[in-house]
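Asks: no sequence on hand, only this structure:
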């Protein structure tokens with residue numbers, strides 16, 4: 001059956017889409033009839049349109065916007081909610097398949113070649129460190145998991161940063177990942193001895209932050225420090241899960257871009273990463289947290305069977321590291337050559 005969390009999230013996304021469409025229709029009707037749109041507050045009084053900009057996790061500042069600007073914002077919001085509905089529908093499908101499969105269902109194999117992935121880290125020269133990425137162009141991907149609480153940052157550094165046509169397939173790339181986990185989530189994990197060992201390593205394979213959620217101040221400072229240590233190009237974030245930290249990072253000069261984690265966006269980088277792993281042209285940071293996520297990733301097809309997208313084989317275990325890596329790879333695939341040069 002579908003989990004309560006997924007069902008509520010699907011209903012919320014549909015409600016957001018419906019409300020935005022209704023508001024957009026009122027604006028269009030007002031423009032056609034050359035009159036103010038019929039937009040009323042909770043007390044039935046006419047009101048203008050306002051945009052809330054977060055100033056902290058608990059507050060926001062309101063700005064009055066024109067109808068033309070509001071239409072663009074609403075259209076963008078509807079498109080993002082459509083992507084979220086598609087993603088959540090895929091999650092619901094995976095949950096139904098898991099519930100209907102039972103104990104007698106054959107185990108599904110991981111999508112990526114796990115043996116080839118692990119073999120890439122056996123040669124010390126192929127292990128990627130943050131120091132080895134210093135001065136190199138890096139594309140960042142940041143993914144949050146509401147269900148598991150694990151946050152992942154991935155850096156993709158092409159071996160030949162000036163080559164567009166054959167990126168990945170001919171020249172390969174390096175991946176480096178970092179993870180954060182709330183202390184409360186760690187306490188609730190049944191296999192917390194594994195995560196505690198990872199957190200206790202020197203340096204830690206996963207950072208544990210205080211509280212029930214990832215400490216956004218620590219997350220912001222860590223990402224900013226990593227960005228400064230390499231030649232960062234841009235940071236891809238899923239607009240459905242972006243948070244106050246994205247706004248803070250942009251104020252510090254980090255170029256943040258939306259990357260909806262839909263089947264259309266994930267398909268090409270997923271195929272490229274799979275091919276790179278099997279061909280031995282992808283190096284990585286030998287992080288055991290990432291190793292576990294790679295082994296927990298399986299493939300699903302989009303509703304029209306045109307695109308692939310990743311889901312977790314074990315739903316309780318995260319694959320945020322894989323998602324963050326695909327976001328970074330995906331942005332590198334679409335970025336035009338002229339964007340390589342600073343200042344363009």
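Replies: The structure has been received and is ready for your questions. Note that the coordinates shown come from a computational prediction; the quantities given were computed from them, not determined experimentally.

Asks: rest of the way, CA atoms for contacts and neighbours
Replies: Will do.

Asks: so residue 318, which of the three states?
Replies: At residue 318 the chain is in coil, as set by DSSP: H, G, I helix; E, B strand; the rest coil.

Asks: quick one, what contacts it?
Replies: 145, 148, 150, 293, 312 (CA atoms under 8 Å, 6 or more residues apart in numbering).

Asks: so which of those residues wins on neighbours?
Replies: residue 150 (25 neighbours; other CA atoms under 10 Å).

Asks: got a pLDDT number for the residue lying closest to that one once chain neighbours are set aside?
Replies: Setting aside the residues directly before and after it, residue 150 is nearest to residue 181 in space (CA to CA, 6 or more residues apart in numbering), at 4.9 Å. According to the prediction, residue 181 has pLDDT 91.

Asks: name the nearest residue to residue 129, sequence neighbours excluded.
Replies: Residue 129 sits nearest to residue 285 (CA to CA, 6+ apart), 6.0 Å away.

Asks: separation between the residue minimising distance to the centre of the chain and residue 238?
Replies: With distances taken as CA atoms, centre = their mean, the residue of the chain nearest its centroid is residue 143 (3.4 Å). As for residue 143, its distance to residue 238 is 7 Å (criterion: CA to CA, to the nearest Å).

Asks: also residue 118?
Replies: In terms of CA to CA, residue 118 sits 28 Å off from residue 238.

Asks: next, count neighbours for residue 252.
Replies: 11.

Asks: SS state for the closest residue to it other than its chain neighbours?
Replies: Spatial nearest neighbour of residue 252, excluding adjacent residues (CA to CA, 6+ apart): residue 224 at 7.8 Å. Judged by three-state DSSP, the three-state class of residue 224 is helix.

Asks: one more: the one 10 residues further on?
Replies: Reducing the assignment at residue 234 to three states with three-state DSSP gives strand.

Asks: contacts only, for the residue nearest to the centre of the chain.
Replies: Residue 143 neighbours (CA under 8 Å, 6+ apart): 151-153, 237-238, 241, 320-321, 323-324.

Asks: which residues does it form a beta bridge with?
Replies: Residue 143 has the following beta-bridge partners by DSSP bridges: residue 152.

Asks: hmm, who's touching stretch 130-140?
Replies: With CA under 8 Å, 6+ apart, stretch 130-140 has contacts from 153-158, 161, 176, 226, 229-236, 324-325, 327-329, 331-332.

Asks: kindly check the end-to-end length of that stretch for me.
Replies: Span of stretch 130-140 from end to end, CA to CA: 13 Å.

Asks: taking the mean pLDDT, what do you get for that stretch?
Replies: The model assigns stretch 130-140 a mean pLDDT of 95.

Asks: next, the buried residues of it.
Replies: Neighbour counts over stretch 130-140 (16 or more other CA atoms under 10 Å) mark 133-134, 136-140 as buried.

Asks: now tabulate those in TSV and tack on secondary structure and distance to residue 186.
Replies: Below are the buried residues of stretch 130-140 laid out as TSV (DSSP: H, G, I helix; E, B strand; the rest coil; distance: CA to CA, whole Å):
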residue	secondary structure	distance to residue 186
133	helix	30
134	coil	32
136	coil	34
137	strand	34
138	strand	30
139	strand	29
140	strand	25
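
Asks: how does this protein divide into domains?
Replies: As given by automatic domain parsing, the domain ranges for the chain are 4-101, 114-340.

Asks: out of those domains, deepest packed?
Replies: domain 114-340 (a mean of 19; mean count of other CA atoms under 10 Å).

Asks: ranges for the helices of the stretch 51-200 of the chain?
Replies: 67-101, 114-119, 183-188, 192-200 (DSSP state H, counting those that start in this stretch).

Asks: can you name every helix or strand that the first one contacts?
Replies: Using 3 or more CA pairs under 8 Å, 6 or more residues apart in numbering; DSSP states H and E as the contact test, the elements touching helix 67-101 are helix 4-32.
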